[in-house]
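# fold the following and give me the result.
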Amino acid sequence: MSESGKQRPLVGFGVMVFKDGKVLLCKRKGSHGAGEYAFPGGSMEYMESFEGGARRETREECGLEIQNVKFLAIFNIKKYAPKHHVGIGFTADWAGGEPKILEPEKHKSWGWYDLDDLPQPIFEGSDVMIEIYRSGNNSHMYDS
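Below is the predicted model:
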């Protein structure tokens, strides 16, 4: 909660990492979206840049280095209330490393998946990113 006692949304990142035509997804466990598949991501830190946050979260969550980080989408996720996140989605290319479980309290597994054969269910923010990526239209702001 904020100092005024009112709840406020958190700002988070999602990173759609590509390698050899496949995307990286984890099976979530933890506070929300447990059992759903999601891209690497997490909360923005104070005074952090967008690209810096996307790189940091990918490195912290699964140990990968990324390159060619590009803005994809902004979305407002309220599905997991009382949690409320404003998400900023990016695409990036794999630059090095193998995915590892670095936050075992949050993730069960990492894997590379073909966009036409994704595991289910997909975490809301990641699902929005996939839809926007496929459509090629990132001019619409998603609000759940």
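
# contacts for the helix or strand of the chain with the lowest mean pLDDT next, please.
In the chain, the helix or strand scored least confidently by mean pLDDT, DSSP states H and E is strand 142-143, which has a mean of 78. Residues from elsewhere that reach strand 142-143 (C-beta atoms under 8 Å, 6 or more residues apart in numbering): 73-76, 128, 132. From N, CA and C alone the C-beta is placed, and that goes for glycine too.

# mind listing what it pairs with, with the direction of each?
Neighbouring strands of strand 142-143 in its sheet, by DSSP bridges, are strand 65-77 (parallel).

# tell me how far the strand it pairs with lies from the chain's centre.
8 Å (C-alpha atoms, centre = their mean, to the nearest Å).

# following it, which helix or strand shows up next?
Once strand 65-77 ends, the next helix or strand along the chain (criterion: DSSP states H and E) is strand 85-96.

# follow-up on the earlier one: which one of the contacts of strand 142-143 is nearest to M47?
Nearest to M47 among the contacts of strand 142-143 is I74, at 19.6 Å by C-beta to C-beta.

# neighbours of that closest one, how many?
Each residue near I74 was counted by other C-beta atoms under 10 Å, and the total is 17.

# and it, bridged to which residues?
Bridge pairing for I74 (DSSP bridges) gives the partners I88.

# next: Y113.
V23.

# per-residue pLDDT, it?
According to the prediction, Y113 has pLDDT 98.

# tell me how far it lies from G12.
21 Å (C-beta to C-beta, to the nearest Å).

# of the two, who's got more company?
Neighbours were counted for Y113 and for G12 using other C-beta under 10 Å; G12 has more, 19 against 13.
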